[in-house]
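[1] Quick one, what's the 3D model for this:
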Amino acid sequence: MQITNDIKYIGVNDHDIDLFEGQYHIENGMAYNSYVIVDEKIAVMDTVDTHFGEEWMQNLKDAIGTRTPDYLIVQHMEPDHSANINLFTKAYPDAVIVASSPAFTMMRQFFGTDYADKRQIIKEGDSLSLGTHTLQFVAAPMVHWPEVMVTYDTHDKVLFSADGFGKFGALDVEEEWACEARRYYFGIVGKFGMQVQNLLKKAAALDIQIICPLHGPVLKGNLEYYVNLYQTWSSYGVESEGVMIAYTSVYGHTKEAAELLAEKLTEKGCPKVVVADLAREDMAECVEDAFRYGKLVLATTTYNTEMFPFMREFIDELISHNYQNRTIALIENGSWAPMAARAMRTRLESCKNITFTENSVQIRSALNEESTAQIEALAEELCKN
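    Next up is the predicted model:
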């Protein structure tokens, strides 16, 4: 793939992987992106996952012909991007490895060496001339590892954004960007919203025409769309007006309540209602929707004096990803000692800027006239606010 006259894509597609980072289901595979800038000097931007080292090296050779690289820029030390540093240095022993000081510490941890004889340590504000192209380095700590540097090419106005602006999915599969980019962001980067905001402020001072991430497609044209979504996501703002209802149900009665609430919300004109069975749906998808919409309804049964395990897992995922700035409503079901609502509320009180609805719903085993009326009142409140 030719990105500009001098920048070429040399990454790989992975259709063998089933779980990214051991937890995220990816039906359409994953792309491990790497790039090469061919100028008076040649710079390679990151490597790829260990399983694709030979393919990546062949891509590099095809891109540069008989020439040899002068630099390997290591922006991020996660193994899906750094695993082939040793393979590269064996093939090109005279090339210089360019990375932040913390990255070299991690290299010693991963590979038993920090390449002291061939390294160039960079920090915020440093630059590297390749000839026509000058690379400026921008520190991006905790987006989403502490050693991360992103790179700006002043000539072609390209931002090599490391894991920022990444997306699940291989590049040979066409699909909407936002959906899998959102799930990727909140699953992997979402906890570090403040750090992403800091990077976006630095990026705003640059004239960026192309974004080259380490996962997902190269972004060209209408960059404002992608940047605006990152602004919303990293500030924990509401992307879409609507209500997500997340439930667990043992014998179907809590499910019935969740579906009745969804029906009432739709009748009252709620712009979007999403219902998720936490026991059966992908947890990362559920977390994504909880961050996408401004209102969240949690419906669960009392279980072992607190809440059903899938609900506890869901809430813990939200907390660990810095959930905030949302309105939450609670529905509990308990045949003899309803305690789920108190348990959910106690867990969620650690989140920032959470508003609980005035109305809640308590079900004693199955819906009756009283709990149905509570659902009606809750739907009315959620649609008004």
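[2] who touches stretch 265-281?
    Here stretch 265-281 makes contact (CB atoms under 8 Å, 6 or more residues apart in numbering) with 240-249, 255, 258-259, 262, 285-286, 289, 293, 310-311, 313-314, 379-380, 382-383. The C-beta positions use only the backbone N, C-alpha and C, and glycine is treated the same way.
[3] Show me those residues that map onto helices.
    Of those, the ones assigned to helices by DSSP state H are 255, 258-259, 262, 285-286, 289, 310-311, 313-314, 379-380, 382-383.
[4] ok, the residues you listed vs M344, which is closest?
    Each of those was scored against M344 by CB to CB, and M311 proved nearest at 7.1 Å.
[5] tell me the secondary structure for the residue nearest to the closest one when sequence neighbours are not counted?
    Taking CB to CB, 6 or more residues apart in numbering, and ignoring the residues beside it in sequence, M311 has T300 as its nearest neighbour in space, at 4.0 Å. Per DSSP: H, G, I helix; E, B strand; the rest coil, the secondary structure class of T300 is strand.
[6] now V297
    The three-state label for V297, taken from three-state DSSP, comes out as strand.
[7] I'd like the numbering to begin with 142 instead of 1 from here.
    All set: I'll call the first residue 142, so the last point we hit is now V438.
[8] how is this structure carved up into domains?
    With domains defined by automatic domain parsing, the chain comprises 148-375, 384-525.
[9] what ranges do the helices span in this protein?
    194-205, 220-223, 226-232, 242-252, 318-325, 334-344, 364-375, 394-408, 424-433, 450-461, 481-489, 510-525.
[10] Quick check: which of those helices is nearest to M171?
    Once the helices of the chain are compared by CB to CB, helix 220-223 is nearest, at 7.9 Å.
[11] for that closest one, packing partners?
    Where contact means 3 or more CB pairs under 8 Å, 6 or more residues apart in numbering; DSSP states H and E, helix 220-223 is packed against strand 171-173, helix 242-252.
[12] buried sites along that helix?
    D221, H222, S223 (16 or more other CB atoms under 10 Å).
[13] what's the answer for stretch 349-368, then?
    Residues 349, 351-360, 367-368 are the ones in stretch 349-368 that count as buried (16+ other CB under 10 Å).
[14] what separates V185 from S223, distance-wise?
    12 Å (CB to CB, to the nearest Å).
[15] Please disregard the earlier target; I meant D304.
    From D304 over to S223 the distance is 12 Å, taken as CB to CB.
[16] Likewise for I386?
    41 Å.
[17] who touches both of D304 and S223?
    In contact with both D304 and S223: H217, using CB under 8 Å, 6+ apart.
[18] Please give me every residue in contact with the residue lying closest to Y293 once chain neighbours are set aside.
    Leaving aside its chain neighbours, Y293 sits nearest to Q277 (4.5 Å; criterion: CB to CB, 6+ apart). Contact analysis of Q277 by CB under 8 Å, 6+ apart lists G266, D267, S268, T292, Y293, D294, T295.
[19] so Q277 bridges to which residues?
    S268, Y293 (DSSP bridges).
[20] Tell me, what's the model's pLDDT at it?
    Predicted confidence (pLDDT) for Q277: 98.
[21] Can you tell me how far it is from G266?
    8 Å.
[22] Could you do D203 as well?
    Counting by CB to CB - D203 and G266 are separated by 34 Å.
[23] For the contacts of Q277, work out which two are farthest apart.
    Farthest pair in the contacts of Q277, by CB to CB: G266 and D294, 15.6 Å.
[24] Among those two, which residue is more densely surrounded?
    Per other CB atoms under 10 Å, whichever of G266 and D294 has more neighbours is D294, with 27 against 9.
[25] Low-confidence regions, the stretch 392-526 of the chain specifically.
    For the stretch 392-526 of the chain, no stretch has pLDDT under 70.
[26] how about N169, what does it touch?
    F309, G310, A311, V314, E316, E321.
[27] What separation is there between it and L160?
    14 Å.
[28] Contacts only, for the closest residue to E447 other than its chain neighbours.
    Nearest in space to E447, with sequence neighbours left out and distances taken as CB to CB, 6+ apart, is A484 at 3.7 Å. Taking CB under 8 Å, 6+ apart, we find A484 in contact with T446, E447, M448.
[29] do the same with M247
    By CB under 8 Å, 6+ apart, M247 lies in contact with M218, S223, E288.
[30] For the residues you listed, give me TSV that also has pLDDT and distance to Y212.
    TSV is the format used below for the contacts of M247 (pLDDT from 0 to 100; distance: CB to CB, whole Å):
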residue	pLDDT	distance to Y212
M218	97	17
S223	96	15
E288	97	17
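[31] between those, which is closest to F193?
    For the contacts of M247, the nearest to F193 is S223 (12.9 Å; CB to CB).
[32] Report the separation between that closest one and Q350.
    Counting by CB to CB - S223 and Q350 are separated by 27 Å.
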